[in-house]
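**Student:** Curious how this folds, go ahead:
(one chain, ligands or ions: 2)
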Amino acid sequence: MVIASNTQVALRYPEGIREADAQKLHTIMDAAHQMKQLTDHLLILARSDEDLSHLCEVVHLNTMLPKLIDDYQEQAQNLSIHLVLRMEDALDTLGLESELRRVFANLIDNAFAFTSAGGEISIAATHNDRQLQISVSDTGIGMSEETQARIFDRFWRADTSRSYRSGGAGLGLAIVEAIVRNHGGSVGVVSRLGVGSRFDVRLPSA
Ligand SMILES: Nc1ncnc2c1ncn2[C@@H]1O[C@H](COP(=O)(O)OP(=O)(O)O)[C@@H](O)[C@H]1O
Ligand SMILES: [Mg+2]
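**Tutor:** Ligands and ions are numbered 1, 2, ... in the order given. As a prediction, this is how the structure comes out:
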């Protein structure tokens, strides 16, 4: 943060800076932000094995999911991607709302990163008496079987990721898996190359 904020201050008065140097400062700032994101993600993972049960509360997905989807509508419009949410009533689970929000945000971020204009991202949330299932589906590039077997590994990214809108370090899905497991649930993927992907999150119903 020190590197990023000092660079930002320097760039606030670009008159005294040569154009080429200003570009270097932008590069430094981007790199500092990426480093911060990486250390944040490593900290989240390091903490993910902690027992957080004393902090648990009832999380109402019927309130949380619409708010989260709302935050993505502008991005969806800008990228010409159709974003839809379908959910049944009474979707409650026990846990930490901020953590569960991160799970779905990571899945939706990925769906946006690998889906092109005209595509669709849909979130469907249903339940039976014991379990909630929240599915995040996209009509994006999809994944081969080999890829699907590795995506939940820490730091793993497909080579194709570079050419898409994904700037992560390959920790997003490892974080998703750790949080969901810590909430007594599970996550899986169904995907076909060139057709799309669906991530299914299962959580205990409260
Ligand atoms: N919805 C998706 N469609 C296609 N590939 C995906 C999708 N989500 C994840 N992946 C693949 O899984 C890899 C790991 O994802 P993730 O753990 O979120 O890391 P990152 O976002 O940093 O690439 C991605 O680099 C990509 O290859
Ligand atoms: Mg990601």
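**Student:** can you map out the helices along this structure?
**Tutor:** Assigned by DSSP state H, the chain shows helices spanning 2-11, 19-47, 61-78, 97-113, 145-148, 172-182.
**Student:** Tell me which of these lies nearest to ligand 1.
**Tutor:** Distance to ligand 1, taken as C-beta to the nearest ligand atom, is lowest for helix 172-182 among those, at 2.6 Å. C-beta here means a position set from N, CA and C on the backbone, and glycine is covered the same way.
**Student:** So is the lowest-mean-pLDDT helix or strand in the chain next to ligand 1?
**Tutor:** One helix or strand of the chain scores below all others by mean pLDDT, DSSP states H and E: helix 19-47, with a mean of 88. No: residues of helix 19-47 are not located near ligand 1 by C-beta under 6 Å from any ligand atom, the shortest gap being 8.6 Å.
**Student:** Are that helix and ligand 2 in contact anywhere?
**Tutor:** No: applying C-beta under 5 Å from the ion, one finds helix 19-47 separated from ligand 2 by no less than 9.7 Å.
**Student:** nearest residue to the residue in the chain that ligand 2 sits nearest to other than its sequence neighbours?
**Tutor:** Taking C-beta to the ion as the measure, the chain has Gly172 as its residue closest to ligand 2, at 2.9 Å. Sequence neighbours aside, Asn106 is the residue nearest to Gly172 in space, at 4.4 Å (criterion: C-beta to C-beta, 6 or more residues apart in numbering).
**Student:** Quick check: pLDDT value at the one you found.
**Tutor:** Per-residue confidence at Asn106 stands at 96 (pLDDT).
**Student:** what residue lies at the spatial centre of the protein?
**Tutor:** For the chain, Asn106 is the residue whose C-alpha lies nearest the centre (C-alpha atoms, centre = their mean; 1.0 Å).
**Student:** which ones are touching it?
**Tutor:** Applying C-beta atoms under 8 Å, 6 or more residues apart in numbering, we find Asn106 in contact with 172-173, 175-176.
**Student:** No further queries at this time; thank you.
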